[in-house]
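1. Got a predicted structure here, sequence first:
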Amino acid sequence: MKRILITGALGQLGSELALALRQRYGNDSVILSDIREGINRDLVEGGPFELIDCRSYEQVARCITNYRIDTIYHLAALLSAKAEEDPMYSWDVNMNGLLVMLEAARLHRCALFVPSSIGSFGPETPKQYTPQDTIQRPTSIYGITKSAGELLCDYYHHRYDVDTRGIRFPGIISNLTPPGGGTTDYAVEIFYAAVNQGHYVCPLSGDTFLDMVYMPDAVRAAVEIMEADPSTFRHRNAFNITAMSFCPEDLAAYIRTYIPDFEITYHIDPVRQRIADSWPNCLEDYAARVEWGWHHDYSLEEMTYDMIITIQERTRRGTL
């Protein structure tokens, strides 16, 4: 029976991945961990939960041993905009935490999923249909940790035969969990503002194109890559995936098809804008499609409809 540990399980991706994995494998087979426990009582009380700092090998190893873990989803990290506020702390969490998880996976023979990001690319990267293998050279501390993390995961696979796997996620849009300090957060915030206020002040310029994926597709990708037959892999730790690319003006136009009076104005956050300008407009995901069957289900139009309908319903029920 599969036994899964998720670090950073109460974050945006972790909380929805946790629900999907518990539904798939059973509540008792999916152990959640985070450095905090009070932000999602349903998840914390819905199955095994441990307070774990991913930088502590002792805490991680004890959990792996106690629960007989064989698969780890290591999601604990500081995201792009948040990371710029404290680069030293971000390096500590993102890199030293990853190294602890890699050592734990090596010594306990666990498979390890580590998400990378569109942030691992930089201004010298081709912006249109960014290839799987290309120059990266990120300029944000978050991107630097993600690029270095890809190489470190490759090293542990080639040097120690650790079963490391990963995905370069674009911006992830969710109708369930609030964003957590990323440059693409506007693409979530705008929907809540549209439904509840009819107006949104965007921190990025209206013509800033970024690559995105809807949360159901992102979760499915994380599950499917860990269930894939690795004999089909030519790559391993940083598969590009994509579903849609748009700018704030595009998204506002789609929202107006359902909320005609919606207005968007701009107050540019220079830190987020600088990061966004260094990232690709859209990724090319041929390797993921060929090597393990990745595909997206949600287009921009389908995502917009689902976001608005879901947020309206949650607002009506008072569950936001």
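-> It's in. Everything numeric in this text was worked out from a predicted model, so none of it was measured.

2. For the stretch 201-320 of the chain, which residues score under the pLDDT cut-off?
-> 319-320 (pLDDT under 70).

3. where exactly do the helices run in it?
-> 215-227, 248-256, 270-277, 286-292, 300-317 (DSSP state H, counting those that start in this stretch).

4. since we're on residue 256, how many residues are nearby?
-> 14 (other CB atoms under 10 Å). For every residue, glycine as well, the C-beta is placed using N, CA and C.

5. Which strand or helix spans residue 19?
-> Assessed by DSSP states H and E, residue 19 sits inside helix 12-25.

6. Pull out the buried residues from that helix.
-> 12-22, 25 (16 or more other CB atoms under 10 Å).

7. Pull the distance from that helix to the chain's centre.
-> 13 Å (CA atoms, centre = their mean, to the nearest Å).

8. Could you tell me the average pLDDT over it, please?
-> On average, the pLDDT along helix 12-25 is 95.

9. Only alpha carbons, please: show that helix as CSV.
-> The C-alpha coordinates for helix 12-25 follow below in CSV (Å, rounded to 0.1, in the frame of the first residue of the first chain):
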residue,chain,number,x,y,z
GLN,A,12,-2.1,26.6,-2.4
LEU,A,13,-1.0,23.5,-4.4
GLY,A,14,-0.5,21.2,-1.3
SER,A,15,-4.0,21.6,0.1
GLU,A,16,-5.7,20.6,-3.2
LEU,A,17,-3.2,17.9,-4.0
ALA,A,18,-3.8,16.5,-0.5
LEU,A,19,-7.5,16.2,-1.2
ALA,A,20,-6.9,14.4,-4.5
LEU,A,21,-4.3,12.0,-3.1
ARG,A,22,-6.5,11.2,0.0
GLN,A,23,-9.4,10.5,-2.3
ARG,A,24,-7.2,8.3,-4.5
TYR,A,25,-5.3,6.3,-1.8
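
10. Helix 215-227 and that one, what's the angle between them?
-> With axes from the mean of the first three to the mean of the last three CA atoms, to 10 degrees applied, the angle from helix 12-25 to helix 215-227 works out at 60 degrees.

11. Now do the buried residues in stretch 143-151.
-> Residues of stretch 143-151 classed as buried: 143-150 (neighbour count, 16+ other CB under 10 Å).

12. Just put these in TSV and tack on distance to residue 209 and pLDDT.
-> Shown next, in TSV, are those (distance: CB to CB, whole Å; pLDDT from 0 to 100):
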residue	distance to residue 209	pLDDT
143	17	95
144	23	97
145	24	97
146	20	97
147	21	97
148	26	97
149	25	97
150	23	97
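
13. Which of those residues fall within helices?
-> If you go by DSSP state H, these have 143-150 in helices.

14. tell me the contacts of residue 151?
-> For residue 151, the contact set (CB atoms under 8 Å, 6 or more residues apart in numbering) is empty.

15. any idea how far residue 116 is from it?
-> From residue 151 across to residue 116, the span is 10 Å (CB to CB, to the nearest Å).

16. Residue 128 too?
-> Applying CB to CB to residue 128 and residue 116 gives a distance of 20 Å.

17. I'd assumed residue 138 was in contact with residue 278.
-> Yes - look at residue 278 against residue 138 with CB atoms under 8 Å: they come within range, at 7.0 Å.

18. who's more crowded, these two?
-> With neighbours defined as other CB under 10 Å, residue 278 and residue 138 compare such that residue 138 has more, 25 against 20.

19. got the contact list for the closest residue to that one other than its chain neighbours?
-> Spatially, and ignoring its direct neighbours in sequence, residue 138 is nearest to residue 122 (4.3 Å; CB to CB, 6 or more residues apart in numbering). Applying CB under 8 Å, 6+ apart to residue 122 gives the contacts 135-139, 143, 278.

20. cool, residue 271 as well?
-> 81, 84.

21. quick revisit: distance to residue 303 added to the buried residues of helix 12-25, as TSV?
-> Below are the buried residues of helix 12-25 laid out as TSV (distance: CB to CB, whole Å):
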residue	distance to residue 303
12	15
13	16
14	20
15	19
16	14
17	18
18	21
19	19
20	18
21	22
22	24
25	27
